[in-house]
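J.: For reference, the sequence and a predicted model appear below.
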Amino acid sequence: MPIRIMASRHSAFYSPLLCCIRFLRDEGREVTYSVLGADQRTYALIRDGAVDIVQSAVSSNWKPRERGVEPLPVHFAQINQRDGFFLFGRQPESAFDWTKLEGQTLLADHGLQPLVMLRYAVGHNGADWKKIKVIDAGTPEKMEAAFSAGTADYVHLQGPFVGGEIVVSVGASMPAVAFSSLCCDRKFQKTEPYRAFLKAYERAREWVRTSPAEEVAAAEASFFPLISPAVLAPAIRSYQALGCWDGGIEIPRDLYEQALNVFQSAGEITWRHRYEEVVA
């Protein structure tokens, strides 16, 4: 039976998942890959049996849980333990200070988790969020187009982005955190495809972490037909250097608690959700 995989976002930041798919296909497994649509909800797709595994985040369970939504997916493996967004400027800045954002215009990704993490990083580094002129241009593609057309002083995106200069990594500017993970239905964890996926994923994540970025870029080039490997490889190298894929595939409890800290500081959760309710 095929393994149906969906990503909430498509990015080199999720290279461990993309290379896992490549490994499984090379082994002869049938694996489908798609990206979450604007009107789709992860928990509903998994509940209804439309997909098997989704790239998401532990935080995606919290608001539905507070609304009484059941059943919800279980998160079983970590992808990234650092925020994968960067601030891009119009010229290189060798010594970026977050307070420089005050009085400047910033195109910020308004997805819930990216925005909450960005606000946390701003405050964590001594800057005042209220003094930044924040713009919501919509999707990352629309943000890129707006920045390229001259809107804003800075833009908040995942890599790669060739239209600006990286001035700071959000992930490097705040504590490690349970940022993105893989989730599924608890019943799916009892199946042979799940076990096969987990074995391949553990191998892929370690390979992506330790292999030359050029080799990783070549392995996942088919997922980025419009991006040159020469552009893709530096983005992968940046994520390797940041330590996004360090550690094992389990979701550490302390990083889960730090994600709760971030969301609680922003007033985005009503209570602290127990680890065991969300993570297997």
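T.: Thanks, I have the structure now. Numbers count the residues shown, from 1 in each chain.
J.: Next one, pLDDT for G159 please.
T.: Confidence per residue is given as pLDDT, and for G159 that number is 82.
J.: Hmm, it is touching R237, no?
T.: No: with contact taken as C-beta atoms under 8 Å, G159 and R237 are classed as non-touching, separated by 9.7 Å. Bear in mind the C-beta positions are built from the backbone N, C-alpha and C, glycine included.
J.: And those two? Which one has more around it.
T.: Neighbour count, other C-beta atoms under 10 Å: between G159 and R237, G159 has more, with 22 against 17.
J.: Quick check: closest non-adjacent residue to that one.
T.: Of all residues beyond its chain neighbours, the one nearest G159 is A235 (3.6 Å), with distances taken as C-beta to C-beta, 6 or more residues apart in numbering.
J.: Now stretch 215-231: buried residues?
T.: Of the residues in stretch 215-231, those scored as buried under the neighbour-count criterion (16 or more other C-beta atoms under 10 Å) are 216-217, 219-220, 223-224, 229, 231.
J.: out of those residues, which are inside helices?
T.: Secondary structure from DSSP state H places 216-217, 219, 229, 231 of the buried residues of stretch 215-231 in helices.
J.: What is the nearest of the residues you listed to I21?
T.: Sorting those by distance to I21 puts A219 at the head of the list, at 10.2 Å, by C-beta to C-beta.
J.: dump the residue contacts of the residue nearest to the spatial centre of the chain.
T.: The centroid of the chain falls nearest to S180 when counting by C-alpha atoms, centre = their mean (4.9 Å). Contacts for S180 were tallied using C-beta atoms under 8 Å, 6 or more residues apart in numbering; they are 13-14, 55-57, 78-80, 84.
J.: how far does the lengthiest helix in the chain sit from the chain's center?
T.: Selection of the longest helix in the chain by residue count, based on DSSP H, yields helix 192-210. Relative to the centre of its chain, helix 192-210 is centred 18 Å away, using C-alpha atoms, centre = their mean, to the nearest Å.
J.: Please apply the same query to stretch 61-76.
T.: Between the centre of stretch 61-76 and the centre of its host chain there is 19 Å, according to C-alpha atoms, centre = their mean.
J.: just to revisit the earlier point, which residues does the residue nearest to the centre of the chain bridge with?
T.: N80 (DSSP bridges).
J.: ok, it to A77 distance?
T.: When C-beta to C-beta, to the nearest Å is the yardstick, S180 and A77 sit 10 Å from each other.
J.: Over to V177?
T.: Shown here: V177 relative to A77, a distance of 16 Å by C-beta to C-beta.
J.: Check V122 too.
T.: 30 Å.
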